[in-house]
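S.K.: The following comprises the amino acid sequence and a computationally predicted model.
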Amino acid sequence: MQSRYPQKPGIDFILKQAFFYWNKTLFFQLIFSIFYFGIFFTVFFFFDGRYGILAQYAEAAKYAKDGVEAYSAQVVKMQSNPGFQYFSWAIIGTSIFLYPLNIGFYQIYRKIDLKEKLELGDLLVGYNGFNFFKYIGYYIFWSFVYIYTFQTIVLAVIWVFVTIFVAPLMFFSNKRIFEAISLNLQALRKYFLEILVCVIVAVFFKFIGFALFFIGGLFTFPFWNAMIYSLYKTVFSEKS
């Protein structure tokens, strides 16, 4: 791992670069969100219609007035229902299937750097051939660790930071998962403040579109990928 620049670039440089890539690809951001949410909510409402999960949550919410313990008992009861478990696995499976869609942005941003023509098919590069199994396999691994650590919140956040560069390292440098994690840890030690600030900005901006103007979230939701690429490009240099 080498820095691209003689001195560490400032956070403002990384942020400006991320917003540049995002602004140049608004059409692709929209297509990504339509595709992503279209599939996700189709599966969500199909399984909700079959198992009535939203209705069960609404029923459990009625117990909130009786205190946290009463509400928690109802939620635990609901989660033990086989229908809820099928619903949960369906949502997790759909999220895993959709993950390679993010990889397409790395291809798009690199093409922008190379001044190459962008194509809609670039967005689906993560599904091409072996790429599909490669990134699906990684995200299955990532998801199970995340789900296991989510109960502690702190460990889940740490896991996000520990793996933030894994996908681009796999895509651009053909690194294996644990090799990429090792390089990721090296980057964290050297660029922790820059990564921390940029992640906070990316998470905030990712969802602000939904909070302020709901449809605007279709453009801001994929912003996370632009931030990761900007950080990756700043922290790592690739040997030709």
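M.R.: Received it, and whenever you're ready, just let me know what you need. Just so you know, these numbers come straight off a predicted model, no measurement behind them.

S.K.: remind me, longest helix of the chain?
M.R.: Determined from DSSP state H, the single longest helix within the chain is helix 177-212.

S.K.: any idea how far the residue lying farthest from the centre of the chain is from residue 72?
M.R.: Distance from the C-alpha centroid of the chain peaks at residue 66, with 36.5 Å (C-alpha atoms, centre = their mean). For residue 66, the distance to residue 72 equals 11 Å [C-beta to C-beta, to the nearest Å]. The way it works is simple: take the backbone N, C-alpha and C, and place the C-beta from them, glycine included.

S.K.: Can you name the residues in contact with stretch 225-236?
M.R.: Here stretch 225-236 makes contact (C-beta atoms under 8 Å, 6 or more residues apart in numbering) with 1-5, 9, 13-15, 17-19, 21-22, 25, 102, 105-106, 109, 113, 164-165, 167-169, 172-173, 183, 187, 190-191, 194-195, 198-199, 201-202.

S.K.: Show me just the buried residues among the residues you listed.
M.R.: Among these, the ones that count as buried by 16 or more other C-beta atoms under 10 Å are 9, 14-15, 17-19, 21-22, 25, 102, 105-106, 109, 164-165, 167-169, 172, 183, 187, 191, 194-195, 198-199, 201-202.

S.K.: Out of the contacts of stretch 225-236, list just those in helices.
M.R.: For the contacts of stretch 225-236, the ones inside helices are 13-15, 17-19, 21-22, 102, 105-106, 109, 113, 167-169, 172-173, 183, 187, 190-191, 194-195, 198-199, 201-202, with DSSP H as the criterion.

S.K.: so what's the most centrally placed residue in the chain up against?
M.R.: Among the residues of the chain, the one closest to the centroid is residue 224, at 6.8 Å (C-alpha atoms, centre = their mean). By C-beta under 8 Å, 6+ apart, the contact set of residue 224 is 102, 202, 203, 206.

S.K.: Secondary structure element for it, which one?
M.R.: helix 223-235 (DSSP states H and E).

S.K.: low-confidence ranges in this structure?
M.R.: Within the chain, the ranges that satisfy pLDDT under 70 run 1-9, 212-216, 237-240.

S.K.: now do 80
M.R.: For the chain, the stretches flagged by pLDDT under 80 are 1-9, 60, 63-71, 75, 209-217, 237-240.

S.K.: With residue 71 as the reference, measure out to residue 65.
M.R.: Taking C-beta to C-beta as the measure, residue 65 falls 9 Å from residue 71.

S.K.: Neighbour count: those two, which is higher?
M.R.: Using other C-beta atoms under 10 Å as the criterion, residue 65 and residue 71 rank with residue 71 on top: 16 against 8.
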